[in-house]
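Undergrad: coordinates for the following, if possible.
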Amino acid sequence: MIMSEKPILLVEDSPEETQLTLRALGKNHIANEVIVARDGVEAWEHLVRVGAVDPQAPPIPAVTLVDLKLPKVDGLEVLRRFRNHPRLRRLPVVILTPSNGGWRRCQTWGTRVGWTRARSGPP
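TA: Numbers count the residues shown, from 1 in each chain. Have a look, this model is predicted:
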């Protein structure tokens with residue numbers, strides 16, 4: 001079982017996609033705690049707390065998995081904010097997108113890993 005003391009932050013608004021991702025992590029024996037944010041605002045609020053210089057702050061995630069199409073604040077804006085925050089800019093981010101075009105846009109923000117996935121339902 002692969003496990004780090006740091007959690008994984010999953011930013012995904014679709015319950016179906018969330019379950020698929022959790023199942024994939026489990027099948028690959030990744031046992032980290034997974035924190036789920038349902039939109040870009042919720043993700044950013046969580047990351048502001050972990051990015052604070054405070055011994056009581058939650059740990060910075062080992063990796064963040066971000067869907068590009070999110071309500072309130074989209075995945076590209078969340079990624080831009082990560083890269084502009086002094087304590088979060090080196091946070092590993094995996095972009096979840098059903099299109100290569102979305103992946104190419106993320107590369108401009110320093111993303112090196114992307115996961116282009118098939119949609120589980122209609123677009």
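Undergrad: let me see the ranges of the helices in this structure.
TA: Under the criterion DSSP state H, helices of the chain are mapped to 15-27, 40-51, 75-84, 100-107.
Undergrad: return the member of those helices having the minimum mean pLDDT.
TA: Per-stretch mean pLDDT for those is lowest at helix 100-107 (a mean of 55).
Undergrad: if we can go back for a sec, could you dump the helices of the chain to TSV with distance to Val66 and mean neighbour count?
TA: C-beta here means a position set from N, CA and C on the backbone, and glycine is covered the same way. Below are these laid out as TSV (distance: least, CB to CB, whole Å; neighbours: other CB atoms under 10 Å):
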stretch	distance to Val66	mean neighbour count
helix 15-27	11	14
helix 40-51	7	19
helix 75-84	5	19
helix 100-107	9	15
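Undergrad: in a markdown table, list these along with distance to Leu68.
TA: A markdown table is the format used below for the helices of the chain (distance: least, CB to CB, whole Å):
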| stretch | distance to Leu68 |
| --- | --- |
| helix 15-27 | 12 |
| helix 40-51 | 10 |
| helix 75-84 | 4 |
| helix 100-107 | 5 |
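Undergrad: which of those sits closest to Leu9?
TA: Proximity to Leu9 (CB to CB) singles out helix 40-51 among the helices of the chain, at 6.6 Å.
Undergrad: show me what the closest one is packed up against.
TA: strand 8-11, strand 34-37, strand 63-67, helix 75-84 (3 or more CB pairs under 8 Å, 6 or more residues apart in numbering; DSSP states H and E).
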